[in-house]
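Undergrad: pasting the structure only:
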Ligand code: M6R
């Protein structure tokens with residue numbers, strides 16, 4: 001949550017920081033701000049609202065000059081989103097300025113101490129406390145900024161990625177991280193600072209991703225120095241080459257990132273299985289699994305932890321792991337798991353699923369499971385993310401950057417990776433026959449084309465969306481592998497259109513939700529040809545006799561549900577275990593079109609942020 005950007009070098013900092021903030025807006029967009037050193041003084045502009053508001057504010061309030069600048073786009077934690085609480089925050093002397101992503105948990109006690117020493121505060125934020133703490137340390141200990149930051153951070157409990165500079169020493173920026181990501185782009189005699197590499201991708205391919213508990217002192221014309229926050233010891237700077245390119249983070253002609261990402265799914269899935277699914281040889285090869293095969297085969301059970309959409313992918317995985325590999329699986333919300341004193345043994349394998357790789361609860365769940373001896377396997381999209389690094393082994397999803405807050409291609413690529421793992425383990429355990437295994441491989445290879453086919457229903461889905469866009473509630477029903485898809489469809493609608501929606505196992509309907517059904521209730525039923533198809537048809541009959549409006553997601557050519565439902569959306573036929581990869585597509589499009597028709601901000605829905613780095 002929150003995006004931070006900075007620049008120090010020979011160029012004008014303003015355009016780099018502003019464009020960088022726009023790319024990081026997915027991380028939070030309650031308010032935005034910038035601090036520039038214009039050659040003589042510190043200039044700060046900040047405002048409630050998006051980066052576009054900040055641009056207007058800068059026009060009216062400050063000059064855009066200067067080779068040193070830091071900027072922030074906020075997802076509020078402490079203090080409502082308003083101008084005063086926006087970052088950057090300046091210390092009492094007016095010399096030091098900070099941007100911060102994270103939470104300082106002990107800020108109240110620190111604030112009291114600082115107030116006792118005469119400090120005053122304008123905002124309600126924990127960040128203003130931190131910058132004044134740094135100032136106090138700097139004055140009291142008579143140390144340089146880097147040392148003051150290091151001492152202050154040792155008094156802090158919480159999570160942070162920060163960038164700080166002193167207007168009296170405008171050739172230096174100090175950055176630090178604990179629990180929130182921070183990358184430093186290394187150019188020729190210039191440095192870029194950002195929550196991820198997207199703000200500086202056109203300037204440099206070289207970056208350092210700070211590890212937790214590391215800080216860096218960045219000096220113009222000098223080399224960057226990386227140090228341990230705990231003991232100030234210097235550590236070698238690990239410069240990595242970035243794989244990201246500009247095209248991947250632009251809209252490419254689509255109206256929204258979400259729509260682009262929905263359409264990218266066929267390619268993303270190919271990228272996910274490329275080099276892993278070797279159909280001619282009839283094998284699945286995944287280094288993270290091969291190297292740790294014994295751990296998986298000897299596991300008592302697999303525990304899957306995740307949040308939101310990733311948790312739904314975990315639920316799909318539960319079906320496929322148990323069905324094919326016959327390994328017991330438990331799927332847990334990371335936020336519940338980490339706090340409920342679960343029984344974890346050394347024979348447990350924990351799979352953590354996360355698009356961003358930065359979700360605080362998932363990260364904490366991993367750390368807890370590791371401390372109890374479990375083997376941790378990460379399924380992440382963002383390369384080098386905290387969860388990827390914290391895991392003992394893992395597999396990337398290779399979906400490419402997902403910028404729309406509503407997860408789409410992350411979900412289907414997570415299911416792809418998890419299905420490959422389940423199939424690989426099933427083969428190793430001998431719980432799948434070689435002919436079935438081959439059938440799965442063949443079918444998996446056909447999924448991208450079948451998604452293309454499912455995407456062809458777009459115009460029809462738009463018509464259906466128009467009919468139901470004003471509904472106040474939606475129900476989503478599915479059985480078996482498609483129960484998690486029902487949950488995911490409901491989540492998509494809620495988060496971008498703000499329409500209340502609930503996902504349910506179809507058979508559970510009669511244990512409560514059926515009371516909600518009347519002629520005003522649209523009910524999306526995933527009714528593809530599957531093992532319990534007849535039972536879903538019975539559920540549809542039950543809805544129909546209560547006058548509910550049925551939107552059926554059906555297998556191409558199906559006539560039974562077509563006759564019963566008010567509307568149907570067809571998807572190609574496939575193996576039931578892989579069907580979530582297809583049935584998800586119309587639900588993504590339905591929520592997308594409804595949100596667009598309701599004039600909602602599809603890519604940046606209210607109150608949300610792409611990576612939830614606070615618990
Ligand atoms: O980055 P993660 O996969 O760990 O994120 C988990 C959830 O925050 C995320 O899936 C969220 O639910 C999405 N906005 C849903 O579209």
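TA: Cool, got the structure. None of these values were measured; they are calculated from a predicted model. Residues are numbered from 1 along each chain as shown.

Undergrad: in the protein, where is pLDDT below threshold?
TA: Nowhere does the chain drop to pLDDT under 70.

Undergrad: dump the residue contacts of the residue of it found nearest the ligand.
TA: Of all residues in the chain, residue 308 sits closest to the ligand, at 1.9 Å by C-beta to the nearest ligand atom. C-beta here means a position set from N, CA and C on the backbone, and glycine is covered the same way. Listed by C-beta atoms under 8 Å, 6 or more residues apart in numbering, the contact set of residue 308 reads 407, 491, 612.

Undergrad: most neighbours among those, which one?
TA: Within the contacts of residue 308, most neighbours by other C-beta atoms under 10 Å means residue 407, with 27 neighbours.

Undergrad: okay, now the nearest residue to that residue once chain neighbours are set aside: neighbour count?
TA: With C-beta to C-beta, 6 or more residues apart in numbering as the criterion, residue 407 has its nearest non-adjacent residue at 3.9 Å, and that residue is residue 309. Using other C-beta under 10 Å, residue 309 has 24 other residues around it.

Undergrad: what of the one 10 residues further on?
TA: Residues contacting residue 319 under the criterion other C-beta under 10 Å number 20.

Undergrad: now it: closest residue in space, sequence neighbours ignored.
TA: In space, residue 319 is closest to residue 481, 5.1 Å off (C-beta to C-beta, 6+ apart).

Undergrad: how about residue 123, what does it touch?
TA: Applying C-beta under 8 Å, 6+ apart, the residues contacting residue 123 are 79, 84, 85, 89.

Undergrad: please flag which of these sit within helices.
TA: If you go by DSSP state H, the contacts of residue 123 have nothing in helices.

Undergrad: okay, the residues you listed in TSV with neighbour count and distance to residue 220 next?
TA: TSV is the format used below for these (neighbours: other C-beta atoms under 10 Å; distance: C-beta to C-beta, whole Å):
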residue	neighbour count	distance to residue 220
79	17	33
84	16	31
85	24	30
89	29	23
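
Undergrad: now for those residues: which two are most distant?
TA: 79 and 89 (10.7 Å; C-beta to C-beta).

Undergrad: the ligand next: which of the contacts of residue 308 are close?
TA: 407, 491, 612 (C-beta under 6 Å from any ligand atom).

Undergrad: mind telling me what element the first one is part of?
TA: Right, the one you point to is residue 407. Counting by DSSP states H and E, no helix or strand carries residue 407.

Undergrad: could you report the distance from it to residue 488?
TA: Taking C-beta to C-beta, to the nearest Å as the measure, residue 407 falls 9 Å from residue 488.

Undergrad: what's the overlap in contacts for the two?
TA: residue 309.

Undergrad: just the buried residues of stretch 540-557, please?
TA: 540, 543, 544, 548, 549, 550, 551, 552, 553, 554, 555 (16 or more other C-beta atoms under 10 Å).

Undergrad: swap in stretch 229-237?
TA: So stretch 229-237, judged by 16+ other C-beta under 10 Å, has buried residues residue 229.

Undergrad: try stretch 368-378
TA: 368, 369, 370, 374, 375, 376, 377, 378.

Undergrad: can you tell me who the fifth one pairs with across the strands?
TA: So the one you mean is residue 375. residue 349 (DSSP bridges).

Undergrad: surely it meets residue 351?
TA: No - with contact defined as C-beta atoms under 8 Å, residue 375 does not reach residue 351; the gap is 9.7 Å.

Undergrad: intersection of neighbour lists for residue 79 and residue 89?
TA: 123, 125.

Undergrad: what sits against residue 246?
TA: Per C-beta under 8 Å, 6+ apart, neighbours of residue 246: 201, 202.

Undergrad: how close does it sit to residue 401?
TA: 11 Å.

Undergrad: likewise residue 601?
TA: For residue 601, the distance to residue 401 equals 19 Å [C-beta to C-beta].

Undergrad: looking at those two, which has the bigger crowd around it?
TA: In this view residue 601 and residue 401 are compared by other C-beta under 10 Å, and residue 401 has more residues nearby, 21 against 14.

Undergrad: for residue 569, helix, strand, or coil?
TA: The assignment at residue 569 comes out as strand when based on DSSP: H, G, I helix; E, B strand; the rest coil.

Undergrad: what's near enough to touch it?
TA: 457, 460, 461, 464, 551, 552, 553, 554, 586, 590 are the contacts of residue 569 under C-beta under 8 Å, 6+ apart.

Undergrad: close enough to count as contact, residue 34 and residue 88?
TA: Yes - shown here, residue 34 and residue 88 form a contact pair, counting by C-beta under 8 Å, at 7.2 Å.

Undergrad: so what sits against both of those two?
TA: 44, 46, 70, 71, 72.

Undergrad: the one helix or strand residue 370 maps to packs against which elements?
TA: Secondary structure assigned from DSSP H and E places residue 370 in helix 360-371. When contacts are defined as 3 or more C-beta pairs under 8 Å, 6 or more residues apart in numbering; DSSP states H and E, helix 360-371 packs onto strand 301-306, helix 334-337, strand 348-354, strand 375-380, helix 386-390.

Undergrad: sketch out the helices for the stretch 201-350 of the chain, chain order is fine.
TA: Listed in chain order, the helices found in the stretch 201-350 of the chain under DSSP state H, counting those that start in this stretch are 257-263, 265-273, 287-290, 293-297, 308-320, 334-337.

Undergrad: comparing the ones you listed, which comes out most buried?
TA: helix 308-320 (a mean of 25; mean count of other C-beta atoms under 10 Å).

Undergrad: tell me the angle it makes with helix 360-371.
TA: Counting by axes from the mean of the first three to the mean of the last three C-alpha atoms, to 10 degrees, helix 308-320 lies at 50 degrees to helix 360-371.

Undergrad: fine, thanks again, bye for now.
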